[in-house]
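Engineer: got a sequence here, can you model it:
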Amino acid sequence: MLKIMVSGAAGRMGRRIINVIAADERAALSGALEQPGSPAVGRDAGETAGVGNLGVPIVGEVGKLPFAASDVLIEFTSPAATLANLEAAAAQRTAMVIGTTGLSAAERQRVAELARQVPVVLAPNMSVGVNVLFKVVAEVAGILGDDYDVEILEAHHRLKKDAPSGTAVRLGEIVAQTRGRSLDEVAVYERRGFTGERTREEIGMQTLRAGDIVGDHLVLFGGLGERLEIIHRAHSRDTFARGAVRAARWVVGQAPGLYDMQDVLGLH
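Structural biologist: The predicted structure is shown next:
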């Protein structure tokens, strides 16, 4: 039985992850964490997630999580909280799955450093379909080359805090790397006014925020006389939750190191 702790247990993703764990005969919720001062602290994590009493109270300090009785920690929170919780997990030699987005380059570097102590899966998107999208986009970008312009459009719910999404950034990185470039040098995040002609090198990154959109991503390859569009639409957060639990099952027992969902799914 896989013993899983969940950070951000009262959040949108945390509640769905707990639902998936509760429905999985091979897994059990062993701990639940929320930020200090959250009204959810002290409540049962299962009741908060709508699956009934699981006998797991939500705690407000990472040090109160039952690391000794757990196999892995799943994290979907903020960058600062993620790093603090990874520090604690590394000290306890506990594996971790991180779906937090918006990490800076320095924060990602710190994750990589801590992953030398414990196995960590870090992925901007835990969806199986999105990770297939990553692989397909890399192949298409390589085949079409610079004769096809690339535009990436993402849409999410009105409450999402970071933009563009981690998934959109990763798609941009994949295209840029396939073409031998750095996304930081070729990304265009806004067009307004007299912009002049589009360059062959640039990768457009457009963001929409509205309503309760779970997550849409479109990669457009535009050539002369035709265009190719590759789209992924998430209908429910459960697709991310199931992917996170799948990653948790995979990462336990791996050697220390930094992994992604491509490793989990065997897509490399």
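Engineer: now do the strands in the stretch 1-150 of the chain.
Structural biologist: 2-7, 27-33, 58-59, 72-75, 95-98, 119-122, 149-156 (DSSP state E, counting those that start in this stretch).
Engineer: the stretch 151-268 of the chain now?
Structural biologist: 187-188, 203-209, 215-223, 226-234, 257-259.
Engineer: which residues touch the closest residue to residue 173 other than its chain neighbours?
Structural biologist: Distances taken as CB to CB, 6 or more residues apart in numbering place residue 183 nearest to residue 173, at 4.9 Å, with adjacent residues excluded. Backbone N, C-alpha and C define where each C-beta goes, glycine included. Residues in contact with residue 183 (CB atoms under 8 Å, 6 or more residues apart in numbering) are 169, 172, 173, 175, 176, 177, 203.
Engineer: now render those as a markdown table, adding distance to residue 6, pLDDT and neighbour count.
Structural biologist: Converted to a markdown table, the contacts of residue 183 look like this (distance: CB to CB, whole Å; pLDDT from 0 to 100; neighbours: other CB atoms under 10 Å):
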| residue | distance to residue 6 | pLDDT | neighbour count |
| --- | --- | --- | --- |
| 169 | 25 | 95 | 20 |
| 172 | 30 | 97 | 23 |
| 173 | 28 | 96 | 18 |
| 175 | 33 | 98 | 24 |
| 176 | 34 | 97 | 20 |
| 177 | 32 | 96 | 13 |
| 203 | 35 | 97 | 23 |
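Engineer: which two of those have the greatest separation?
Structural biologist: Using CB to CB, the two most remote members of the contacts of residue 183 are 169 and 177, lying 12.3 Å apart.
Engineer: tell me the buried residues in the longest helix along the chain?
Structural biologist: In the chain, taking DSSP state H as the definition, the longest helix is helix 128-144. For helix 128-144, the neighbour count (16 or more other CB atoms under 10 Å) marks 128, 130, 131, 133, 134, 137, 140, 141, 144 as buried.
Engineer: surely the second one and residue 232 touch.
Structural biologist: Yes: shown here, residue 130 and residue 232 form a contact pair, counting by CB atoms under 8 Å, at 5.5 Å.
Engineer: overlap in contacts, these two.
Structural biologist: Each of residue 217 lies in contact with both residue 130 and residue 232 under the rule CB under 8 Å, 6+ apart.
Engineer: can I get the contacts of residue 183 in TSV including distance to residue 78?
Structural biologist: Below are the contacts of residue 183 laid out as TSV (distance: CB to CB, whole Å):
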residue	distance to residue 78
169	17
172	22
173	22
175	28
176	27
177	27
203	27
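Engineer: counting by contacts, list what the longest helix of the chain packs against.
Structural biologist: Using 3 or more CB pairs under 8 Å, 6 or more residues apart in numbering; DSSP states H and E, the elements in contact with helix 128-144 are helix 166-178, strand 215-223, strand 226-234, helix 238-251, helix 261-265.
Engineer: which one of these lies closest to residue 48?
Structural biologist: Across these, closest to residue 48 is helix 238-251 (CB to CB), at 14.8 Å.
Engineer: okay, the angle between that closest one and strand 226-234?
Structural biologist: Taking axes from the mean of the first three to the mean of the last three CA atoms, to 10 degrees, helix 238-251 and strand 226-234 form an angle of 80 degrees between their directions.
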